[in-house]
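In: Just the structure for this:
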Amino acid sequence: MINSTQVSYFILTAYLDNGPFQYLYFMVILSLYMLIVGSNVFLIVVICMNRSLHEPMYLFLCSLFVNELYGSTGLFPFLLLQILSDIHTVSKPFCFLQIFCVLSYGNVEFFNLAIMSYDRYLAICYPLQYNTRMTPNKIRILIAVTWLFSFLAIIALLSLSATLQLCGNIINKVYCGNYPIVKLACFDTRLNNIYGLIYTVISICIPLILIVYTYLKILRVCFSGSKQTRQKAVSTCTPHLVSLLNFSFGCYFQILQSRFDMSRVPNVLQIILSLYFLILQPLLNPIMYGMGMSKIRNACKQVFH
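Out: Presented below is the predicted three-dimensional model:
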């Protein structure tokens, strides 16, 4: 056995033998990363430069686009280097840094989607009181709490994992994950499991309850309201719902791969499932919100013209 003092690096074993396709994979991943960076940065600039978009919904969107850049940057540069490398190893400090980026990205994303659903709930269910309920100070507090809570929760999670004595250093993924490291522990991980359960309840169940509650209220108003109210709800909620469902599927695939035996699943499919929420979400959100919301679409046209 090897203890935690001897584990200075981890070996990532999920990489395929690229062979002649090595540079093709590199170009595909690089193109995706450039597309993610370009589209999200463009929409952040559009929202910041256009005064008509300095409204709560678009400020929350700006926070969402910043998070897409943050999460993809925590993965793609590392992935590009690993594709070109013949030895897929990562140092222990960098491994935990990557876990911090990936997990905090997921946490911020889910909380951001939750406060966006709350914002839509106030706009549709209480349109006359919207400006008094969603004040600039409240917007700043919601965004700050979303990011700070996510960072602090992940720091606490990783501080428990970093002190574990490990009996191995092999991770069957293309990037570092907290649960695969916990599974390498030599001794009891009860404390990690308890905190993981508390973290799951706070970071997933509470936002999910808020999202379900707000959409039930929105549906109630839509069914009892006018045609104009229904059209407004559909136009503003559709991109959010698509983004929420896409991210939920990605998280489900991630949990499925981490918690259950996937040895019978082809390696290519395992890689796709593990990368789904880190690639599809940052790609989909700029398209959904940039093309699906008329004010952003018109602001983009003004920039091009």
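In: pLDDT of stretch 126-133, averaged?
Out: In this model, stretch 126-133 carries a mean pLDDT of 87.
In: residues in contact with that stretch?
Out: Residues outside stretch 126-133 that contact it (CB atoms under 8 Å, 6 or more residues apart in numbering) are 122, 123. For every residue, glycine as well, the C-beta is placed using N, CA and C.
In: Take it and give me the span from its first residue to its final residue.
Out: One end of stretch 126-133 sits 9 Å from the other (CA to CA, to the nearest Å).
In: buried residues in that stretch?
Out: Within stretch 126-133, no residue counts as buried by 16 or more other CB atoms under 10 Å.
In: go on, stretch 87-106?
Out: Buried residues in stretch 87-106, counting neighbours by 16+ other CB under 10 Å, are found at 88, 90, 92, 95-106.
In: got the contact list for it?
Out: Contacts to stretch 87-106, defined as CB under 8 Å, 6+ apart, come from residues 7-13, 15, 67, 70-71, 73-75, 78, 82, 150-151, 154-155, 157-158, 161-162, 175-178, 181, 251, 277-278.
In: just the buried members of these?
Out: 7, 10, 12, 15, 67, 70-71, 73-75, 78, 82, 150, 154, 157-158, 161, 175-178, 181, 251, 277-278.
In: circling back to that earlier point, just the buried residues of stretch 87-106: which are in strands?
Out: In strands, judged by DSSP state E, the following of the buried residues of stretch 87-106 are found: residue 90.
In: and of the buried residues of stretch 87-106, the nearest to residue 296?
Out: Ranked by distance to residue 296 (CB to CB), these are led by residue 105 at 22.4 Å.
In: so who does residue 156 touch?
Out: So residue 156 contacts 195, 199 (CB under 8 Å, 6+ apart).
In: how about 7 Å then?
Out: For residue 156, the contacting residues are residue 195, by CB atoms under 7 Å, 6 or more residues apart in numbering.
In: host element of it?
Out: According to DSSP states H and E, residue 156 maps onto helix 136-162.
In: ditto for residue 26
Out: Residue 26 belongs to helix 22-49, assigned by DSSP H and E.
In: where's residue 144 relative to residue 291, distance?
Out: Applying CB to CB, to the nearest Å, the value for residue 144 to residue 291 is 29 Å.
In: do residue 59 as well
Out: With CB to CB as the criterion, residue 59 and residue 291 are 20 Å apart.
In: Between those two, which is the more surrounded one?
Out: For residue 59 versus residue 291, neighbours defined as other CB atoms under 10 Å are more numerous around residue 59 (20 against 12).
In: show me the residues around that one that make contact.
Out: Contacts of residue 59 by CB under 7 Å, 6+ apart are residue 139.
In: Could you do residue 115 as well?
Out: Contacts of residue 115 by CB under 7 Å, 6+ apart are 60, 142, 146.
In: if we can go back for a sec, now find how far off-centre the helix holding residue 26 is within its chain.
Out: On the basis of CA atoms, centre = their mean, to the nearest Å, helix 22-49 is displaced by 16 Å from the centre of the chain it belongs to.
In: ok, now stretch 199-216?
Out: Relative to its chain's centre, stretch 199-216 lies at 16 Å (CA atoms, centre = their mean).
In: Tell me the predicted confidence for residue 88.
Out: Looking at residue 88, its pLDDT stands at 85.
In: Which residue is the nearest non-sequential neighbour of it?
Out: Once flanking residues are discounted, residue 88 sits nearest to residue 12: 4.3 Å by CB to CB, 6 or more residues apart in numbering.
In: For the least confident helix or strand in the chain by mean pLDDT, give me every contacting residue.
Out: Ranked by mean pLDDT, DSSP states H and E, the weakest helix or strand in the chain is helix 294-304, scoring a mean of 75. In this structure, residues lying in contact with helix 294-304 by CB under 7 Å, 6+ apart are 43, 46, 50, 52, 53, 289, 290, 291.
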